[in-house]
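> got a predicted structure plus its sequence, pasted below:
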Amino acid sequence: VDGDTLVYTLQNPPADGWTFDNNSGAFTWTPSYDEVTSQQGQRSTRLFFVANDGNGGVGLGEVDITLLNTNRAPAVQTLSGDTEGDEGETLMFVASATDADAQTLTYTWDFGDGGPTQSGADLTEVTRLFTQSGMFTLTLTVTDSEDTVEDTLELLIDNVAPVPNAGGDQSVGEGDTVNLSGTANDPGNDTLTYTWDFGDGSEPVTGENSNAAHQYVDDGIYTATFTADDGEDQDSDSIEITVNNVAPSADAGTNLTGDEGSPIMFTGSFDDPGTLDTHTILWDLGDETTVEGQLALSHTYPQDGTYTAVLTVTDNANDTGTDEVTVTVVNVPPAVIAGNDQSVDEGIVVIFDGTATDPGDDTLTYRWDFDDGEISDIEDPTHVFTAPGTYVVSFEAHDGDDTGHDTLVVSVAAVGPTVSSISHDATLT
């Protein structure tokens, strides 16, 4: 009251967390978390303040402090990490948070990719493998015993193209089935679509199966390309397919039998797995006759015998296929015509004009039997019948194997004597 300077003192202060100004008497106290939670709603402490003016004047005051449990939420101080990366890549994130009440904090990490969260006490550092591309929001939740705070971080995960493997080079024959087995690794968990382009102009095959089968119909070297597509990006790998030419397979047909001089039919065929090949066709009929460009034909053999006919088919790569057939040509006897029947007088020269034709190219020999004990080996003989009668004249032609035969009838009439002159010696008496 009299304006003296006062000096303040504090008696029975709290155990810790307090400050006191002796000049002003100002008092502050930050109770610990344990003190608050253990003494909530109770008169925790009574403080005594003493004021002294230095002149013997002393004043005494007291304050009762009741602690109330008012939790203070934690605060996220930092949240950082790899905000951009590729699918299949592991990213790292770091956070820090404080709590005014010095409580243990629980960190919960939700990466926004639909995968499991990570949570733990003081879990301030985490890593994450992202298997899908896209924009994701990382949410960090920090919790003390009562309150929760959040912070977020935007993430960009770029797509990565799959890595295809078409397998090893292959070598096959044209017309064979090539089995192609591709594989692909994708750092993301993407659904892949596969395409095989066979490199021969045929339609590519696309689907969810990485394997394919294909027939190459012409020889050559082809590049087969295998592509894997994850819906956003794609990549390809290729292999070399060597397709070797395959010779055509010729079929001359079944063995044949026919007559000399008559047409015999040949029917050949062939097969070639190289359906784009061009071909030349040659028949060697075994009698120095060749025919080109025909699979089906007829041929007349002029001589009987056994012949080997060979069919040769050559493709445009100059590879050949051959097959042969045995042809049995049967001899045919000559066709003989002795001529018309004749009527003559005995002693008259008869001219015979027989004919003999042979379907083969045989050399013929002839025999005439005049039925009077006389024969001739001339094709067109003459003959004189010296006695009247009926004669069955036989004409034969022989080709070395078989004989043709025909007859005609010659009627020979008797002729009376002829007086060419009369002579006499007469004496008249």
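That came in fine, so what should we check first?

> ok, and what's touching stretch 285-304?
With CB atoms under 8 Å, 6 or more residues apart in numbering as the test, stretch 285-304 has contacts from 258, 260-270, 280-284, 307-311, 327, 329-332, 360-362, 401. Every C-beta, even on glycine, is put in place using the N, C-alpha and C of the backbone.

> from the middle of its chain, how far away would that stretch be?
Offset of stretch 285-304 from its chain centre (CA atoms, centre = their mean, to the nearest Å): 43 Å.

> can you list the buried residues in that stretch?
285, 286, 287, 291, 295, 297, 299, 300, 301, 304 (16 or more other CB atoms under 10 Å).

> same question, stretch 82-89
Across stretch 82-89, burial judged by 16+ other CB under 10 Å covers 82, 85, 87, 88, 89.

> for the residues you listed, which one is nearest residue 191?
Ranked by distance to residue 191 (CB to CB), those are led by residue 87 at 13.3 Å.

> mind checking how far the closest one is from residue 185?
Residue 87 sits 12 Å away from residue 185, taking CB to CB, to the nearest Å as the criterion.

> strands - which of the contacts of stretch 285-304 land there?
Judged by DSSP state E, these include 258, 263-267, 269-270, 280-284, 307-311, 327, 329-330 as members of strands.

> thinking again about what came up before, relative to residue 123, which of the buried residues of stretch 82-89 is nearest.
For those, the closest approach to residue 123 (CB to CB) belongs to residue 82, at 17.2 Å.

> which helix or strand in this structure has the lowest average pLDDT?
When each helix and strand of the chain is scored by mean pLDDT, DSSP states H and E, helix 33-38 comes last, with a mean of 61.

> C-terminal to that one, which secondary structure element comes first?
Next along the chain after helix 33-38, taking DSSP states H and E as the criterion, comes strand 43-52.

> give the pairing partners of that next one; include direction for each.
Here strand 43-52 is paired, per DSSP bridges, with strand 7-11 (antiparallel), strand 58-66 (antiparallel).

> residue 160: which of the ones you listed is closest?
strand 58-66 (62.8 Å).

> give me the contact list for whatever helix or strand comes next after that closest one.
The first helix or strand that comes after strand 58-66 along the chain, using DSSP H and E, is strand 75-81. Residues outside strand 75-81 that contact it (CB under 8 Å, 6+ apart): 91-99, 138, 140, 142, 149-153.

> show me where pLDDT drops low in the stretch 51-200 of the chain?
Counting by pLDDT under 70, the stretch 51-200 of the chain contains low-confidence residues at 67-69.

> run the last query once more with 80
Applying pLDDT under 80 to the stretch 51-200 of the chain flags the ranges 53-54, 56-57, 59, 64-70.

> ok, the nearest residue to residue 354 once chain neighbours are set aside - contacts?
In space, and not counting its chain neighbours, residue 354 is closest to residue 395: 4.4 Å by CB to CB, 6 or more residues apart in numbering. Going by CB under 8 Å, 6+ apart, residue 395 touches 336, 338-339, 352, 354, 356, 366-368, 405-408.

> can you name the residues bridging to residue 395?
Beta-bridge partners recorded for residue 395 (DSSP bridges): residue 368, residue 406.

> begin at 395, not 1, for the rest of this chat.
In the new count, where the first residue is 395, that last one comes out as residue 789.

> separation between it and residue 811?
In terms of CB to CB, residue 789 sits 33 Å off from residue 811.

> over to the closest residue to residue 660 other than its chain neighbours: give its phi and psi.
With CB to CB, 6+ apart as the criterion, residue 660 has its nearest non-adjacent residue at 5.3 Å, and that residue is residue 691. Per-residue torsions, residue 691: phi -160, psi 170 (degrees, to the nearest 10).

> tell me the pLDDT of residue 691.
Residue 691 carries a pLDDT value of 97.

> buried residues in stretch 405-423?
Within stretch 405-423, the residues that count as buried by 16+ other CB under 10 Å are 408, 414, 419, 421, 423.

> in terms of pLDDT, where does the residue lying closest to the fourth one once chain neighbours are set aside sit?
Pointing back at residue 421 there. Closest residue to residue 421 apart from its sequence neighbours, by CB to CB, 6+ apart: residue 414 at 5.1 Å. For residue 414, the model assigns a pLDDT of 82.

> tell me the contacts of residue 414?
Residue 414 neighbours (CB under 8 Å, 6+ apart): 402, 404, 407, 420, 421, 422.

> go again with 7 Å.
Residue 414 sits next to 404, 407, 421 when contact means CB atoms under 7 Å, 6 or more residues apart in numbering.

> next: residue 807.
By CB under 7 Å, 6+ apart, residue 807 lies in contact with 739, 740, 782.

> how much space separates residue 563 from residue 749?
For residue 563 relative to residue 749 (CB to CB), the value is 76 Å.

> compare the two (neighbour count), which wins?
For residue 563 versus residue 749, the count of surrounding residues by other CB atoms under 10 Å is larger for residue 749: 15 against 12.

> ok, residue 665 touching residue 641?
No: look at residue 665 against residue 641 with CB atoms under 7 Å: they stay out of range, at 10.6 Å.

> more neighbours: which of these two?
A direct count of neighbours by other CB under 10 Å for residue 665 and residue 641 places residue 641 higher, at 20 against 13.
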